[in-house]
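**Student:** Sequence plus predicted model, see below.
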Amino acid sequence: MFVVDTNLLLYAVNPDAADHTNAKALLEAWRREDVSWFLTWGIVYEFLRVSTHAGVFPEPLDLASARAWLAAVLATPGCGLLVETDLHAEVLEEVAGLHPRVSGNLVHDFHTAVLMREHGIAEIRTADTDFHQFEFLKVVNPLV
């Protein structure tokens with residue numbers, strides 16, 4: 001089990017990205033494998049924000065296209081969404097105690113890390129090095 005971070009989804013959907021071919025092939029391989037992998041609602045919304053942003057994407061998607069692309073990903077039998085449970089506040093306090101200096105843009109990754117801990121998922125596949133500070137996670141960059 002693992003979580004797929006936003007950047008890998010963005011590389012897979014953006015033909016102008018340097019890692020497009022590799023990210024697209026990885027995503028297609030994960031969709032064919034008999035393994036459980038996950039996104040979070042935060043990752044979904046971050047994908048929608050960046051993929052439709054003209055200042056970030058050379059040729060941004062419109063919201064309907066971005067949603068349709070994600071719907072196809074989420075329809076994959078092995079793909080699921082991590083959501084907060086009744087234990088979320090407790091896990092948030094635990095992880096915040098381990099990482100009291102988290103702030104600003106890192107809060108998004110912090111939320112992902114808390115959800116992963118809450119659900120007992122240790123591995124995240126990402127090109128984002130910020131996740132390395134969460135020592136309870138195994139950070140795998142599948143593009144290197």
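**Tutor:** Yes, it's here.
**Student:** name the element the residue nearest to residue 95 when sequence neighbours are not counted belongs to?
**Tutor:** Among residues not flanking residue 95 along the chain, residue 114 sits closest, at 5.0 Å (Cβ to Cβ, 6 or more residues apart in numbering). Just so you know, the C-beta spots here come from the backbone N, C-alpha and C atoms, and that holds for glycine as well. Applying DSSP states H and E as the criterion places residue 114 in helix 106-119.
**Student:** Tell me the neighbouring strands of the following helix or strand past that helix, and mark each as parallel or antiparallel.
**Tutor:** Where DSSP H and E defines the elements, the next helix or strand beyond helix 106-119 is strand 123-125. Using DSSP bridges, the strands paired with strand 123-125 in its sheet are strand 2-4 (parallel), strand 138-140 (parallel).
**Student:** What separation is there between the residue nearest to residue 95 and residue 84?
**Tutor:** Applying Cβ to Cβ, to the nearest Å, the value for residue 114 to residue 84 is 9 Å.
**Student:** Need the phi and psi values for the residue of the chain most remote from its centre.
**Tutor:** Going by Cα atoms, centre = their mean, the residue of the chain most distant from its centre is residue 97, 23.1 Å out. For residue 97, the backbone dihedrals (degrees, to the nearest 10) come out as phi -60, psi -30.
**Student:** gap between it and residue 114?
**Tutor:** Residue 97 sits 12 Å away from residue 114, going by Cβ to Cβ.
**Student:** Any buried residues in stretch 68-85, and which?
**Tutor:** 69, 70, 73, 79, 82, 84 (16 or more other Cβ atoms under 10 Å).
**Student:** Check the secondary structure at the last one for me.
**Tutor:** So the one you mean is residue 84. Put simply, residue 84 is coil when judged by DSSP: H, G, I helix; E, B strand; the rest coil.
**Student:** I'd assumed residue 131 was in contact with residue 106.
**Tutor:** No: contact criterion Cβ atoms under 8 Å: residue 106 and residue 131 do not qualify, at 9.8 Å.
**Student:** got any ranges where this structure has weak pLDDT?
**Tutor:** Flagging of the chain using pLDDT under 70 yields an empty set of residue ranges.
**Student:** can you give me the helices for it?
**Tutor:** Here the chain has its helices, by DSSP state H, at 6-13, 20-32, 41-51, 63-74, 88-98, 106-119.
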